[in-house]
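In: Task: produce atomic coordinates for the following.
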Amino acid sequence: MAAAGSLAKHEQILVLDPPTDLKFKGPFTDVVTTNLKLRNPSERKVCFKVKTTAPRRYCVRPNSGIIDPGSSVIVSVMLQPFDYDPNEKSKHKFMVQTTYAPPNISDLEAVWKEAKPDELMDSKLRCVFEMPNENDKLNDIDASKPAPVLNTSKQDGPMPKPHSVSLNDTETRKLVEECKRLQAEVMKLTDENQHLRDEGLRLRKVAHSDKSGSPTALALRDNGSNSLPSLLVVIAAIFIGFFLGKFIL
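Out: Residues are numbered from 1 along each chain as shown. A predicted model of the protein is given here:
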């Protein structure tokens, strides 16, 4: 009885979360990862390693290490893609094996080789495969959709009116008619200007041909040369008055 008691294993010192089951939620067409938290509540360092009955189906990181007193380690268990059969129950299992670390540890592999059976502690977990139900699928779809953009203009009140208000049909017609009238005046003034230029050219020719330099020829020349600037001043005044009137109103 004493020998049997001495060979009995110690109770697992680490706290496992989850404690008994590793759940993997499908679909299993891609790698599915679940996490296992190992917490060391003791005052000593603890060595751990994670084993599985199906090493080709899983990737475990980290699969071994040392946990300081009061610290925790997250172990990621990655299930490789496979063809899921809901009628087939999973027989895969994991075991977390631990032992207290020696005071001056330098080689973790040597610790496991030199550890006595009664110094080892272990916990076993089974693997559970779950397919998402319809509600989970709908939730996943809703979560993947982008959030709707709220129309803040409706909630906060009417949109402020812009500073430039568009013209209505009546004002547009008036503006078009005004433009046509101004174009007609411009054409008329252009014709008169051309007529005056021709008259000025004719008077200059007469002045050049008039060798006597009569007062009549000189007066006609002055009138022709002075008419052109006056006409340009009139045209500029009309356009300036038009645009100032539009901007002020």
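
In: gap between the two ends of stretch 32-52?
Out: 16 Å (C-alpha to C-alpha, to the nearest Å).

In: Which residues are in contact with the residue nearest to Ile105 when sequence neighbours are not counted?
Out: Counting by C-beta to C-beta, 6 or more residues apart in numbering, Ile105 lies nearest to Val111, which is 6.2 Å off, once chain neighbours are set aside. Placement of C-beta: from N, CA and C, glycine included. With contacts defined as C-beta atoms under 8 Å, 6 or more residues apart in numbering, Val111 is in contact with 47, 99, 101-102, 105.

In: min pLDDT across those, which one?
Out: The lowest pLDDT within those belongs to Ile105, with 84.

In: Could you verify my assumption that that residue touches Lys45?
Out: Yes: shown here, Ile105 and Lys45 form a contact pair, counting by C-beta atoms under 8 Å, at 7.3 Å.

In: more neighbours, the two?
Out: Lys45 (16 against 12; other C-beta atoms under 10 Å).

In: re the thing from before, of the contacts of Val111, just the buried ones, PyMOL syntax please.
Out: When burial is assessed using 16 or more other C-beta atoms under 10 Å, the buried subset of the contacts of Val111 is captured in PyMOL by this command:
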select buried, resi 47+99+101
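
In: Just to be sure, which of the contacts of Val111 are found in strands?
Out: For those, membership in strands holds for 47, 99, with DSSP state E as the criterion.

In: okay, and the common contacts of Ile105 and Lys45?
Out: Residues touching both Ile105 and Lys45 (C-beta under 8 Å, 6+ apart): Ile66.

In: Show me what the helix ranked longest in the chain is packed up against.
Out: Longest helix in the chain, counting residues (DSSP state H): helix 169-209. If contacts are counted by 3 or more C-beta pairs under 8 Å, 6 or more residues apart in numbering; DSSP states H and E, helix 169-209 sits against helix 215-248.

In: so where's the protein shaky on pLDDT?
Out: Counting by pLDDT under 70, the chain has low-confidence residues at 1-8, 134-169, 171-172, 176, 179, 210-234, 236-237, 239-249.

In: any idea which helix or strand comes after the helix or strand hosting Val111?
Out: Here Val111 sits within helix 108-114, counting by DSSP states H and E. Towards the C-terminus, the helix or strand next in line after helix 108-114, according to DSSP H and E, is strand 121-130.

In: other SSEs contacting that next one?
Out: For strand 121-130, the packing partners by 3+ C-beta pairs under 8 Å, 6+ apart come out as strand 21-25, strand 93-100.

In: Parallel or antiparallel, list what pairs with it.
Out: Based on DSSP bridges, the strands next to strand 121-130 in the sheet, each with its direction, are strand 21-25 (parallel), strand 93-100 (antiparallel).

In: among the ones you listed, which is the most enclosed?
Out: Compared across these, strand 93-100 shows the largest average neighbour count, a mean of 18 (mean count of other C-beta atoms under 10 Å).

In: Need the CA coordinates for it. CSV is fine.
Out: C-alpha atoms of strand 93-100 as CSV (Å, rounded to 0.1, in the frame of the first residue of the first chain):
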residue,chain,number,x,y,z
LYS,A,93,-7.7,13.9,-27.3
PHE,A,94,-5.1,16.2,-25.8
MET,A,95,-3.0,15.9,-22.7
VAL,A,96,-1.3,18.7,-20.8
GLN,A,97,1.6,17.2,-18.9
THR,A,98,3.4,19.3,-16.2
THR,A,99,6.1,19.0,-13.6
TYR,A,100,7.8,21.5,-11.3
